[in-house]
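1. The sequence and its predicted three-dimensional model are supplied below.
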Number of protein chains: 2
Amino acid sequence: MRLYQYRPREGDIPRLAVSSGGGHVVDSERAWTHVTGTEPGRTTRMLHHWMRALIEEGPRWWSEVADVARQASAIPEAHVDLGDVEVLAPLVPDALRDFLTFEDHVQRGARRRDGEVPAYWYEAPVYYKGNPRTVIGPDTECPWPPYTQRLDFELELALVVGVRGRDLTADEASAHIFGFTIFDDFSARDVQVREMSAWLGPAKGKDFANALGPCIVTADEVGAEPDLEMVCRVNGEEWGRARSSQMHWSWAEIVAHSSRGEDIHPGDVYGSGTPGGCCGLDLDRELSPGDVVELEIERIGVLCNTIGPRPDSS
Amino acid sequence: MRLYQYRPREGDIPRLAVSSGGGHVVDSERAWTHVTGTEPGRTTRMLHHWMRALIEEGPRWWSEVADVARQASAIPEAHVDLGDVEVLAPLVPDALRDFLTFEDHVQRGARRRDGEVPAYWYEAPVYYKGNPRTVIGPDTECPWPPYTQRLDFELELALVVGVRGRDLTADEASAHIFGFTIFDDFSARDVQVREMSAWLGPAKGKDFANALGPCIVTADEVGAEPDLEMVCRVNGEEWGRARSSQMHWSWAEIVAHSSRGEDIHPGDVYGSGTPGGCCGLDLDRELSPGDVVELEIERIGVLCNTIGPRPDSS
């Protein structure tokens, strides 16, 4: 199924919308009420309004939501026209890890450093921890941070963790994948390069904004290792294209690595890193205020954000 | 004042204890009930049981707690003997940033790399984001992660953010400092060095455990830039000693930097990084299972953790 978090009108509390088995997009709570013939209680209401609650509730609830949405596809009162509502980030995770899994992007980074791909990159899926506090949704403005002259984006596929686990093997890890969304890893390149020269980070180079959306497609629909076409466009012009199957590390290996010595948690988000040539840095191009960045991934949709104005100070 | 989070007996919900103006340590809720002559309502109860709630409530409540604790110091029924209870981490933050502020430690790192201190280190306080999920308290065991052969500690002073803010100047930032605690930044050195060779992190090298405690001393008691003696001992033997005034960056500069382009949040924790010679790495020494690591910082106390056994697999 595909899961959206949306707001019918400004000021409303967020709600979930679902499309299951290729059917119409329906409002989760209205679909459930129509199909089951009952009004949800307080706890059940939360599961219809908050993606993190839905994910934490576990596989039995996910199946019920999918079944109900499939049945409600025939009930016009349950339909949601996504063009008429504000589609939000599908979730604001508690934790965001961003990996570096596309060899072509790492090779380009190594060339910029006049070096080679680090040997350890082939030994384990490396990551940094992102800032989940600055998650933004589709069709919103990415704020231009006051401290950068060089704003950039990165096209990424992102995994959403399903069931809690620890010290998982790669074989076990696939069952802990809830689904996938699109991640625009906005980057302040001038600052990022400088702070990474001092060994740590990225930090301020990434912490100001992370876009997620427009929906989560579940792993039961696309598989745990989906091969999806990924395209990025700026102001309608295609800048890059790749396939998610070009990742050097599998999602199962990423989840297994992440789970070593610590729990992984429902609703956590792990980015794939960007494929080579799917960000301005790799192409020696920069964003300007007002630019429209569209990231499209097959079977998920398009995540579109506009670049905000430069603050007066910069 | 000094603030503790503690559990009277196994299975009890955590409570807060306070010592104000050099007085006895008192239970926050019992002190409040005795001094005000009223039973707390639901919301007020939470403020007596949960450090994050206390910090989020803001300066007026902090003053009230300090006043009440000072008065209750004379009321034996409100006293808490910290030796009789389980002292917990003073808080589990939503976000943990660890800076690198002691030049001597950076210089030693540069020598190990046969290089120089990065120029950018002198331009801005660099940090990486830690894993708040694996916070442990005093007198607990640091788990030995299944993937390391070389476990280490770092002696750090840590700041706790008070009031929310954004794009603060250093002059403004001091007013956003709630207080300070001790942070043991446990490190899997073999993994940390390898993952940082691949540009990102530290990640698995740090994510398995972070100890905080035993209390938070507020900035109104020690100042926003306290000069405190810091000592680390392993199995009773002193390994290193420093003063917090040796930090290259002030706490106000750290908070101001962190707030650029994003909000800072009540209860977030920022580590100072370790002074040179206050971790095994700088001294070419390693920890072993069963080692007792004591970090002592003047006016805060001693944070003591024991190193857990190696898992069978390592």
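-> Received it, and whenever you're ready, just let me know what you need. Numbering: from 1, shown residues only, chains lettered A, B, ... in the order given.
2. Quick check: bridge partners of A:Arg2?
-> A:Ser19, A:Val217 (DSSP bridges).
3. ok, the closest residue to A:Trp50 other than its chain neighbours to B:Thr148 distance?
-> Counting by C-beta to C-beta, 6 or more residues apart in numbering or on different chains, the nearest residue to A:Trp50 once its immediate chain neighbours are dropped is A:Pro14, at 7.1 Å. Every residue, glycine included, has its C-beta placed from N, CA and C. Applying C-beta to C-beta, to the nearest Å, one obtains 41 Å for the distance of A:Pro14 from B:Thr148.
4. Quote the end-to-end distance of stretch A:131-148.
-> Taking C-alpha to C-alpha, to the nearest Å, stretch A:131-148 runs 17 Å from one end to the other.
5. Please read the previous query as pertaining to stretch A:195-211.
-> For stretch A:195-211, the first and last residues are 22 Å from each other (C-alpha to C-alpha).
6. and A:Tyr127, what does it touch?
-> Residues in contact with A:Tyr127 (C-beta atoms under 8 Å, 6 or more residues apart in numbering or on different chains) are A:Arg97, A:Asp98, A:Phe99, A:Leu100, A:Ser258, A:Tyr270, B:Leu200, B:Gly201, B:Ala203.
7. Neighbours of the nearest residue to A:Gly273 once chain neighbours are set aside, how many?
-> Of all residues not flanking A:Gly273 in the chain, A:Leu100 sits nearest, at 4.3 Å (C-beta to C-beta, 6+ apart). Neighbourhood size, A:Leu100 [other C-beta atoms under 10 Å in any protein chain shown]: 23.
8. and if you look at A:Phe99?
-> A:Phe99 has 26 neighbouring residues, counting by other C-beta under 10 Å.
9. ditto for the one 3 residues further on
-> Using other C-beta under 10 Å, A:Phe102 is surrounded by 25 other residues.
10. Tell me if I'm right that it and A:Ser244 touch.
-> No. Using C-beta atoms under 8 Å, A:Phe102 is not in contact with A:Ser244; the gap is 9.2 Å.
11. which neighbours do those two share?
-> A:Ser272.
12. Check what contacts the helix ranked longest in chain A and list those residues.
-> Under DSSP state H, the helix in chain A containing the largest number of residues is helix A:59-72. Contacts with helix A:59-72, where a contact means C-beta under 8 Å, 6+ apart, come from A:1, A:18-21, A:23-24, A:26, A:28, A:30-32, A:34-36, A:47, A:54, A:78, A:162-163, A:178, A:218, A:220.
13. Out of the residues you listed, name the ones that lie in strands.
-> Counted as lying in strands by DSSP state E, out of those, are A:Val18, A:Ser19, A:Val26, A:Phe178, A:Thr218.
14. Quick one: those residues as a markdown table, columns for distance to A:Asp190 and pLDDT too.
-> Output for these, formatted as a markdown table (distance: C-beta to C-beta, whole Å; pLDDT from 0 to 100):
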| residue | distance to A:Asp190 | pLDDT |
| --- | --- | --- |
| A:Val18 | 42 | 98 |
| A:Ser19 | 41 | 98 |
| A:Val26 | 45 | 98 |
| A:Phe178 | 36 | 98 |
| A:Thr218 | 38 | 98 |
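15. Need the max-distance pair from those.
-> Greatest spatial distance among those (C-beta to C-beta): A:Val26 and A:Phe178, at 19.7 Å.
16. Compare these two (neighbour count), which wins?
-> Each of A:Val26 and A:Phe178 has its neighbours counted (other C-beta under 10 Å); A:Val26 has more, 29 against 23.
17. residues from the stretch 1-150 of chain A in reach of chain B?
-> The stretch 1-150 of chain A comes close to chain B at residues A:94-95, A:97, A:100, A:109, A:118-121, A:123-124, A:126-131, A:133-134, A:143, A:145-147, as judged by C-beta under 8 Å from any C-beta of the partner chain.
18. Restricted to helices, list those.
-> Checking those against DSSP H, those in helices are A:Gly109.
19. Filter the residues of the stretch 1-150 of chain A next to chain B down to the buried ones, ChimeraX style.
-> To isolate in ChimeraX the members of the residues of the stretch 1-150 of chain A next to chain B that are buried, counting by 16 or more other C-beta atoms under 10 Å in any protein chain shown, one can use:
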select /A:95,97,100,109,118,120,121,124,126,127,128,129,130,131,133,134,143,145,147
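20. Check pLDDT for the contacts of A:Tyr127 and point me to the minimum.
-> Among the contacts of A:Tyr127, B:Gly201 has the lowest pLDDT, at 83.
21. what separates stretch A:191-211 from the chain centre, distance-wise?
-> In this view, stretch A:191-211 has its centroid 19 Å away from the chain centroid, taken as C-alpha atoms, centre = their mean, to the nearest Å.
22. Could you do stretch A:32-49 as well?
-> Counting by C-alpha atoms, centre = their mean, stretch A:32-49 is centred 27 Å from the centre of its parent chain.
23. average model confidence for that stretch?
-> 95.
24. residues in contact with it?
-> For stretch A:32-49, the surrounding residues in contact (C-beta under 8 Å, 6+ apart) are A:13-16, A:28-29, A:53-54, A:57, A:61, A:65, A:68, A:71-72, A:75, A:77-78.
25. Quick check on the residues you listed: which are buried?
-> A:Arg15, A:Leu16, A:Ser28, A:Glu29, A:Ala53, A:Leu54, A:Glu57, A:Val65, A:Val68, A:Gln71, A:Ala72, A:Ala78.
26. Thank you, goodbye.
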